[in-house]
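*Asks:* Need a 3D model of the sequence below.
(chains A, B, C and D)
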2 protein chains.
Amino acid sequence: MVNRRTHHASVARRVHGSRPLTHRAGERRSQVERRRQTRRALLDAALEQMDGSYGFDSLSLRRVARAAGVVPTAFYRHFDSMDELGLALVEESVATLRSMLREAREGAPGEGGTGLIARSVEILVAHVREHRRHFAFMAHARASGNAVLRHAIRSETRLFASELATDIARLPILRDWTTADLQMLAGLFVETMIATIDAILEASAPGPGPEGLSPDAQARIVTQAERQLRLIALAIPHWRISP
Amino acid sequence: MVNRRTHHASVARRVHGSRPLTHRAGERRSQVERRRQTRRALLDAALEQMDGSYGFDSLSLRRVARAAGVVPTAFYRHFDSMDELGLALVEESVATLRSMLREAREGAPGEGGTGLIARSVEILVAHVREHRRHFAFMAHARASGNAVLRHAIRSETRLFASELATDIARLPILRDWTTADLQMLAGLFVETMIATIDAILEASAPGPGPEGLSPDAQARIVTQAERQLRLIALAIPHWRISP
DNA sequence: CCTCTTAGTGCACGAGTGTTCACAATCTGT
DNA sequence: ACAGATTGTGAACACTCGTGCACTAAGAGG
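*Replies:* Next up is the predicted model:
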């Protein structure tokens, strides 16, 4: 294990660490590409295996390798364990989350009203639809049996809430709010968002029954989320700042 | 399988179904008691195994049987599969959920203010503390890989929200609200409740580090939940009924 | 060109899994 | 008291699992 770890570290350092040190352009082009492809195949295989509504826990190294068209031992050339594969997926997932937040932020700067809510929900469902497997992964692993993954996702969620807090702090209505209260409000938004994501995923599960996502269930979820957010927004002007 | 199923059905019918048919009091006292005990031991063993922050998925029939002090094959005398064991646990868990709702309802009938919120949160944390293993089970199995359990819990959650909706419908402030809007509000409450439960469980996880639940983390969670609920309550008078 | 590094292979191992089956012990109603 | 039902046992099955080790093919750089 120690051998493999140092082994890996050196590889990773070479791949994108020491590249700037040498100016050779096409160095190891084809081999590095090959490596990237199998790694992606492993990640995709894991996502696909979980998509059938099986959690990350019930996911074996061998099945992932098999689905990626690779022998089990080859897995270790890319990840030390399934945990590291999971962490890589978390990294990818939070990246899409962050891109979502960025899009929402740039969409309507400082608008702050019913339009903002409708727009935000729209962006949310669009992202969930487009990156369903990543969101499903996070939704599952969030309450997974795997302690490493669970804590990673929980801490990323907290970070996300904090970012959202500093974001909404710029809205004029929230000028005088305490940071604690902003965190509270952001937490409420994030919780509602998570619940909405859960509902969407459940409604669009690729399990038995009519394949695909029943459109009116989706619509009901969206309007419910919008109303909940509007209700919360309605309370904001009447909140008395707490010490 | 068919054999075992019919076999079981007849047993269950005898245990609490046909008792009223015969007036013999002490009938099969010791044997039925023995059965009840091992069944409980299996359920407890499962709960305990999951408590170390391992989900229901990573839980094997053999380990449960071993922890219950019983040979694997004896498991089948009580449950046809792990799924049924899980469903039994769901049944138990929703029972405690319902008792919680009942307590909250009888606590302050028709009060409806800040006192109601504080009281409700207090009842919530008390119940989570007292039945932590059941709540942890639901929190895990809610996003579990096991489709049967997941759907069972999701549908029970919806039912719970509906009950809460008809409950709060009695509050004077909500007299004119649409049923749809009441459902929306109840859903928001339930989602906040679930998020709070998650946070409490995470803060009081019996994993590594200082055993037991850090008290100030608990306090922060409680005050955050109270503020969120108060914020929501603040919006209620300003909600315009939607068609 | 020749050597070194590296992604991927094949085989083997010990451990753990769900499930079946025949059997033992004990409780129960007649 | 006896026959039947019922709970629990023990050995065995056919798997799957993670992991270690020796090996091969091929790309890369001096």
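*Asks:* Tell me where the model's unsure across chain A.
*Replies:* Applying pLDDT under 70 to chain A picks out residues A:1-29, A:108-112, A:207-213, A:242-243.
*Asks:* what residue is smack in the middle of it?
*Replies:* Here the mean C-alpha position of chain A is nearest to the C-alpha of residue A:93 (Cα atoms, centre = their mean), at a distance of 3.0 Å.
*Asks:* Who are the packing partners of the strand or helix carrying that residue?
*Replies:* Using DSSP states H and E, residue A:93 falls within helix A:82-107. For helix A:82-107, the elements it packs on are helix A:29-51, helix A:61-67, helix A:114-130, helix A:132-142, helix A:147-168, judged by 3 or more Cβ pairs under 8 Å, 6 or more residues apart in numbering or on different chains; DSSP states H and E. From N, CA and C alone the C-beta is placed, and that goes for glycine too.
*Asks:* Can you give the contact residues for the second one?
*Replies:* Residues from elsewhere that reach helix A:61-67 (Cβ atoms under 8 Å, 6 or more residues apart in numbering or on different chains): A:42, A:45-46, A:48-49, A:71-72, A:74-75, A:81-82, A:85.
*Asks:* residues from chain A in reach of chain B?
*Replies:* With Cβ under 8 Å from any Cβ of the partner chain as the criterion, chain A meets chain B at residues A:53-58, A:139-140, A:142-145, A:147, A:150, A:154, A:181, A:184-185, A:187-188, A:191-192, A:194-195, A:198, A:202, A:207, A:224, A:227-228, A:231-236, A:238-239, A:242.
*Asks:* before we move on, back to that, so which of the contacts of helix A:61-67 reach DNA strand D?
*Replies:* The subset of those within reach of DNA strand D, by Cβ under 7 Å from any atom of the strand, is A:72, A:81-82.
*Asks:* which of these lies closest to chain B?
*Replies:* Nearest to chain B among these: residue A:82, at 11.9 Å, using Cβ to the nearest Cβ.
*Asks:* Burial check on that closest one, number of neighbours?
*Replies:* 19 (other Cβ atoms under 10 Å in any protein chain shown).
*Asks:* Without its sequence neighbours, what residue ends up closest to it?
*Replies:* Nearest non-adjacent residue to residue A:82, counting by Cβ to Cβ, 6 or more residues apart in numbering or on different chains: residue A:61, 5.5 Å away.
*Asks:* circling back to that earlier point, just among the contacts of helix A:61-67, which is most surrounded?
*Replies:* Going by other Cβ under 10 Å, residue A:46 tops the contacts of helix A:61-67 with 26 neighbours.
*Asks:* just checking, that residue touches residue A:87?
*Replies:* No - if you go by Cβ atoms under 8 Å, residue A:46 and residue A:87 don't touch, sitting 11.7 Å apart.
*Asks:* gap between the two ends of stretch A:162-180?
*Replies:* 10 Å (Cα to Cα, to the nearest Å).
*Asks:* for it, the distance to its chain's centre please.
*Replies:* Offset of stretch A:162-180 from its chain centre (Cα atoms, centre = their mean, to the nearest Å): 23 Å.
*Asks:* Same check on stretch A:67-78?
*Replies:* With Cα atoms, centre = their mean as the basis, stretch A:67-78 stands 25 Å off its chain's centre.
*Asks:* sorry, back to before: deepest-packed of the helices and strands packed on helix A:82-107, please.
*Replies:* Counting by mean count of other Cβ atoms under 10 Å in any protein chain shown, helix A:132-142 has the highest mean neighbour count of the helices and strands packed on helix A:82-107, with a mean of 23.
*Asks:* the inter-axis angle of that one versus helix A:114-130?
*Replies:* Here helix A:132-142 points in a direction 90 degrees away from that of helix A:114-130 (axes from the mean of the first three to the mean of the last three Cα atoms, to 10 degrees).
*Asks:* Tell me which other helices or strands helix A:132-142 touches.
*Replies:* Against helix A:132-142 (3+ Cβ pairs under 8 Å, 6+ apart) you get helix A:29-51, helix A:82-107, helix A:147-168, helix A:179-203.
*Asks:* which one of these lies closest to residue B:132?
*Replies:* Across the helices and strands packed on helix A:132-142, residue B:132 has its closest neighbour in helix A:147-168 (16.6 Å, Cβ to Cβ).
*Asks:* If you count contacts, what does the closest one end up packed against?
*Replies:* helix A:82-107, helix A:132-142, helix A:179-203.
*Asks:* Just want the angle from the shortest one to helix A:82-107.
*Replies:* For helix A:132-142 and helix A:82-107, the angle between their directions (the same axes, to 10 degrees) works out to 120 degrees.
*Asks:* Helix A:132-142 vs helix B:147-168, what angle?
*Replies:* 80 degrees.
*Asks:* Now do helix A:132-142: everything it contacts.
*Replies:* Helix A:132-142 has contacts (Cβ under 8 Å, 6+ apart) with A:47-48, A:50-51, A:55-56, A:86, A:89-90, A:92-93, A:96, A:127-128, A:149-150, A:153-154, A:157, A:194, A:197-198, A:201, A:204, B:143, B:145.
*Asks:* One more: stretch A:149-162?
*Replies:* The contact list for stretch A:149-162 (Cβ under 8 Å, 6+ apart) reads A:56, A:83, A:86-87, A:90, A:94, A:97-98, A:101, A:138, A:141-144, A:183, A:186-187, A:189-190, A:194, B:53, B:202.
*Asks:* Figure out the helix or strand that residue A:241 lives in.
*Replies:* Using DSSP H and E, residue A:241 falls outside every helix and strand.
*Asks:* How many neighbouring residues does it have?
*Replies:* Per other Cβ under 10 Å, the neighbour tally for residue A:241 reads 9.
*Asks:* Highest mean neighbour count out of the helices and strands packed on helix A:147-168?
*Replies:* Taking mean count of other Cβ under 10 Å, helix A:132-142 is the most buried of those, at a mean of 23.
*Asks:* what's the span of stretch A:107-120, first residue to last?
*Replies:* 9 Å.
*Asks:* now swap in stretch A:203-214 and tell me
*Replies:* End-to-end distance of stretch A:203-214 (Cα to Cα): 7 Å.
*Asks:* what separates residue A:217 from DNA strand D, distance-wise?
*Replies:* Look at residue A:217 and DNA strand D: by Cβ to the nearest atom of the strand, to the nearest Å, they are 33 Å apart.
*Asks:* Give me the distance between that residue and residue A:201.
*Replies:* 12 Å (Cβ to Cβ, to the nearest Å).
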